[in-house]
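Provided below are the primary sequence and the corresponding predicted coordinates.
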Amino acid sequence: MFSQNLIFTLSEPEKKRPIMKFGTAVNCIDGRVQYPVLDYLNRNFDLEFFDSPNEAGPLHILTDRSDQCRLISLKEQIRVSVEEHGSRLIALVGHHDCAGNPVKREIQEKQIIDALAYLRRAFGKHILYVGLYVNEQWKVEEYTRIEPET
Ligand SMILES: [Zn+2]
């Protein structure tokens, strides 16, 4: 009953306000990459919030797939962001000097391609997938993207 009242007392501008827009940043737990990635996403995508499914070396988790515990946990975090928050952007991050995924950039770029294809199979073709790499100067570079199919 209370919520009914609330609906009828909304002013016109409030009614037209779009629903909250979420994106998803699948990032490493590494403290050095949090701000650069969030800053990059805020500057490049017109979204209000970025959910943060995190793992130590998510590229390793998503391409090796032998650690089912961490894989299922990471995918569940992404699922909530996509299904409950309606995210239509999944950014996946690799970075320089990753303790959880200690391989060179060329390998991480291959992992990004593999992991994005895997996530696309899991979460659908209607989502924009972006692969990011945080370089040795802690600057974010877009490595690849897969546009959504409409
Ligand atoms: Zn890392």
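The structure has been received and is ready for your questions. Numbering: from 1, shown residues only.

all contacts plus neighbour counts: C-alpha atoms, from now on.
Fine.

okay, how far is it across stretch 23-42, tip to tip?
End-to-end distance for stretch 23-42: 10 Å, by CA to CA, to the nearest Å.

For that stretch, buried residues please.
Buried residues in stretch 23-42, counting neighbours by 16 or more other CA atoms under 10 Å, are found at Gly23, Thr24, Ala25, Val26, Asn27, Cys28, Ile29, Asp30, Val33, Val37, Leu38, Leu41.

contact partners of that stretch?
Identification of contacts with stretch 23-42 by CA atoms under 8 Å, 6 or more residues apart in numbering yields 47-58, 78, 81-82, 87-95, 98, 134, 138-140.

Contact distance from the ion - what residues of the protein qualify?
Residues of the chain that fall close to the ion, judged by CA under 5 Å from the ion: Cys28, Gly57, Cys98.

Recalculate using a threshold of 6 Å.
Cys28, Asp30, Ala56, Gly57, Cys98, Ala99, Gly100 (CA under 6 Å from the ion).

Most neighbours among the residues you listed, which one is it?
When the residues of the chain next to the ion are compared by neighbour count (other CA atoms under 10 Å), Cys28 ends up highest, at 25 neighbours.

three-state assignment of the closest residue to Ser81 other than its chain neighbours?
Leaving aside its chain neighbours, Ser81 sits nearest to Ser87 (5.8 Å; criterion: CA to CA, 6 or more residues apart in numbering). Assigned with DSSP: H, G, I helix; E, B strand; the rest coil, Ser87 falls in the coil class.

what's Ser87 sitting at in phi/psi?
Torsion angles at Ser87 (phi, psi; degrees, to the nearest 10) stand at phi -60, psi 140.
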